[in-house]
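**Q** When you get a sec, could you give me coordinates for this:
(one chain, ligands or ions: 1)
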Amino acid sequence: MKIYCSRIFYFLLFIIFFSTSVRAQKIEGLALTPPMGWNSWNTFQTKISEQLVKDIADKMVKSGMRDAGYTYLVLDDGWMAMDRDKNGDLIPDPIKFPNGIKAVAAYVHSKGLKFGLYNCAGTKTCAGYPGTRGYEYQDARFYAAADIDYLKFDWCYADGQQAIESYTTMSKALAKTGKPIVFSLCEWGNNKPWHWAVHVGHLWRTTGDIGVVFDGSKKLGDWTPMSAMRILDFEDSLRNYAGPGHWNDPDMLEVGKGFTPGEDRAHFSMWCMLAAPLMAGNDLRTMSVATTSVLANKAVIEIDQDKLGIQAYRLSKKDSLETWMKPLTGGSWAVCFLNRSKNDRPVDIDWALQGFTDTLSHRIFNSVVTQYKIKDLWKNKNLVNTTQKLKTIIPAHDVLVLRLDLLKS
Ligand code: GLA
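**A** Next up is the predicted model:
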């Protein structure tokens, strides 16, 4: 009996040990809504500096971006020197960051913002700077000491590495520091992180790099980026995997970088419908009023940041006109009509004929039983309610985003 009991004891001990060792201990509660901020890569690549960070931080405050929810200022690839120091520690590039990285983090924090950095799970970053492979715990201590709040972790020079293992190790290393650091996985969806990263990171890239291409496939120099619409099509199949604390990341925003005004609205609206992390990637220093009005549209951002954290789904698709639905807290819905065609498209909706059930949230839409008031979020205008038909035209590559709130009689 005694031997039997001790066998059970050791068996239980083994199970506890095994389950805690394969399950990363990411710090929970850090990204209960999709993270929002700005990242240097899309505009500046490796041409970054302390002065740039200061200018961007100032502009995040002055433009109202911070108050609209953009919290993280993230330096992407290129912040390091080409080699580690003699102790194996990372060194910030002394020319770009003459006062070190901690001073930069302090400046960003003094503006009421949070600060993030980038590295890679492989031996080098994609731009050839020192990668983290074999230095996970040492680098995590470096980040904690530098007082960073966010780490984007890429997947270049990672031949022979297992993604689950590499990202889990880094997740554990970060958690061990005790410093709350949002962990952003960037292996482009190669290893389907939505299946294994819920306890490893707070967001994971689902696809390759986005470019200023709205739809289809177009070469930019020697590179063929993912278009916004191709990414969107891919995300549609992943909605079951996102939720508070763990988000699908369709890549950073290209708003203000060359799309038409309608395309900027469409791209931004769809990212909000997807409950995507909203990382602006444009040059905030020279941002136009029109761009600011897209990025800082609080009503549309509210759709993204809704506490339920449910990604939208495509209800219908016909003649390049799509209807996407996102259940929101309090029984509300966001509805986005997306015109992907190069021509105007009419919308003619009898809400009473639109009954359906969302299989993920189990939310029923039946406007015969439940009526909603309607607001056009880009025009900031209340429309009539769902007892009446909606008839309008959506211009090419543009959207109509509606918020439907319960009509209390
Ligand atoms: C990869 C990532 C990009 C960016 C660059 C930096 O391509 O997907 O988002 O971080 O590396 O080199």
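**Q** the helices in the chain, which residues?
**A** 2-22, 41-44, 50-62, 65-68, 100-110, 136-145, 163-177, 228-235, 261-273, 289-295, 298-304 (DSSP state H).
**Q** how about the fifth one: buried residues?
**A** Using 16 or more other C-beta atoms under 10 Å as the test for burial, helix 100-110 gives Ile101, Val104, Ala105, Tyr107, Val108. Heads up, the C-betas are built off the backbone N, CA and C, glycines and all.
**Q** Also the last one?
**A** Of the residues in helix 298-304, Val300, Ile301, Glu302, Ile303, Asp304 count as buried by neighbour count, 16+ other C-beta under 10 Å.
**Q** Tell me the one among the buried residues of helix 100-110 nearest to the ligand.
**A** Using C-beta to the nearest ligand atom, Ile101 comes nearest to the ligand of those, at 17.2 Å.
**Q** was I right about the closest one contacting Tyr118?
**A** No - at 11.6 Å, Ile101 does not count as touching Tyr118 under the criterion of C-beta atoms under 8 Å.
**Q** List the strands paired with the longest strand along the chain, with their directions.
**A** For the chain, the strand with the greatest residue count under DSSP state E is strand 398-406. Looking at strand 398-406 with DSSP bridges, its partner strands are strand 333-339 (antiparallel), strand 372-376 (antiparallel).
**Q** quick one: the last one to chain centroid distance?
**A** Put plainly, it is strand 372-376. Strand 372-376 has its C-alpha centroid displaced from the chain centroid by 27 Å (C-alpha atoms, centre = their mean, to the nearest Å).
**Q** follow-up on the earlier one: among the strands paired with strand 398-406, which is nearest the ligand?
**A** Nearest of the strands paired with strand 398-406 (C-beta to the nearest ligand atom): strand 333-339, 24.5 Å.
**Q** what does that closest one rub up against?
**A** 266, 269-270, 272-273, 303, 306, 312, 320-328, 345, 347, 363, 365, 372, 394-404 (C-beta atoms under 8 Å, 6 or more residues apart in numbering).
**Q** quick revisit: got TSV for the buried residues of helix 298-304, with pLDDT and distance to the ligand too?
**A** Below are those laid out as TSV (pLDDT from 0 to 100; distance: C-beta to the nearest ligand atom, whole Å):
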residue	pLDDT	distance to the ligand
Val300	98	24
Ile301	98	22
Glu302	98	27
Ile303	98	24
Asp304	98	20
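**Q** now those residues as JSON lines including distance to Val61?
**A** Output for the buried residues of helix 298-304, formatted as JSON lines (distance: C-beta to C-beta, whole Å):
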{"residue": "Val300", "distance to Val61": "21"}
{"residue": "Ile301", "distance to Val61": "17"}
{"residue": "Glu302", "distance to Val61": "21"}
{"residue": "Ile303", "distance to Val61": "24"}
{"residue": "Asp304", "distance to Val61": "21"}
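**Q** Nearest to Thr386 among the residues you listed?
**A** Closest to Thr386 out of the buried residues of helix 298-304 is Ile303 (17.8 Å), distances taken as C-beta to C-beta.
**Q** Settle this for me: that closest one is touching Arg403, isn't it.
**A** Yes - applying C-beta under 8 Å as the test, Ile303 and Arg403 come out as touching, 7.2 Å apart.
**Q** which neighbours do those two share?
**A** The contact lists of Ile303 and Arg403 share Leu328, Ala334, Leu377, where a contact means C-beta under 8 Å, 6+ apart.
**Q** picking that back up, most tightly surrounded among the strands paired with strand 398-406?
**A** Mean neighbour count, computed with mean count of other C-beta atoms under 10 Å, is highest for strand 333-339 among these, reaching a mean of 23.
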